[in-house]
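Trainee: Compute the structure for the input listed below.
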Amino acid sequence: MAVWGLLLKATLGCGAWVTKAWMPEAPTAVAEPVMGQNDFGIISISPNPASEAVAIAYFLEKPALLQMDVVNVLGQKVATLVSGKQTPGHYSRIWNGKTSKGLPANPGIYYVRLRTGNQNVVKPLIWK
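Mentor: Have a look, this model is predicted:
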């Protein structure tokens, strides 16, 4: 239980972290991804909290195989927003609050996970 408290405090208090695995032993908070310093990152999630649809802006500095998922607090995939090779640039995806099965997501805390290779960038999303 204490690990989840630390996880929520680390993500909500600092914004994002970069890890080599989805659920690290102890989350390490880092500064927001900055273009030029990282190969990819989440720029913004807006609005947050959200109740109808949310726009997720992200960037990619090098061509990469990219996956963007919305996951719950247990790390279970709720929806996949991007999956495939992308060229460098700025992108935006809309999540309409539906699961991969087309059902409405329950209100709560979710995470947007952007992954290339063995690195992840994760940012919190509150769904009302």
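Trainee: and the residue positioned nearest the centre of the chain, what element?
Mentor: The residue lying closest to the centre of the chain (C-alpha atoms, centre = their mean) is Val112, at 2.1 Å. Using DSSP states H and E, Val112 falls within strand 108-116.
Trainee: Just the angle for the very next helix or strand once past that strand relative to strand 108-116, thanks.
Mentor: Next along the chain after strand 108-116, taking DSSP H and E as the criterion, comes strand 119-127. Angle of strand 119-127 versus strand 108-116, following axes from the mean of the first three to the mean of the last three C-alpha atoms, to 10 degrees, is 160 degrees.
Trainee: buried sites along strand 119-127?
Mentor: Judged by neighbour count (16 or more other C-beta atoms under 10 Å), strand 119-127 contains these buried residues: 120-127. C-betas here are computed from N, CA, C, even on glycine.
Trainee: Which single one of those residues is nearest to Tyr58?
Mentor: For the buried residues of strand 119-127, the residue nearest Tyr58 by C-beta to C-beta is Val121; the value is 8.2 Å.
Trainee: pretty sure that closest one contacts Leu114?
Mentor: Yes: the criterion here is C-beta atoms under 8 Å, and Val121 meets it with Leu114 at 4.7 Å.
Trainee: which neighbours do those two share?
Mentor: Shared contacts of Val121 and Leu114 (C-beta atoms under 8 Å, 6 or more residues apart in numbering): 40-42.
Trainee: just checking, which of these belong to strands?
Mentor: 40-42 (DSSP state E).
Trainee: residues touching Ser51, list them.
Mentor: Here Ser51 is in contact with 97, 127-128 (criterion: C-beta under 8 Å, 6+ apart).
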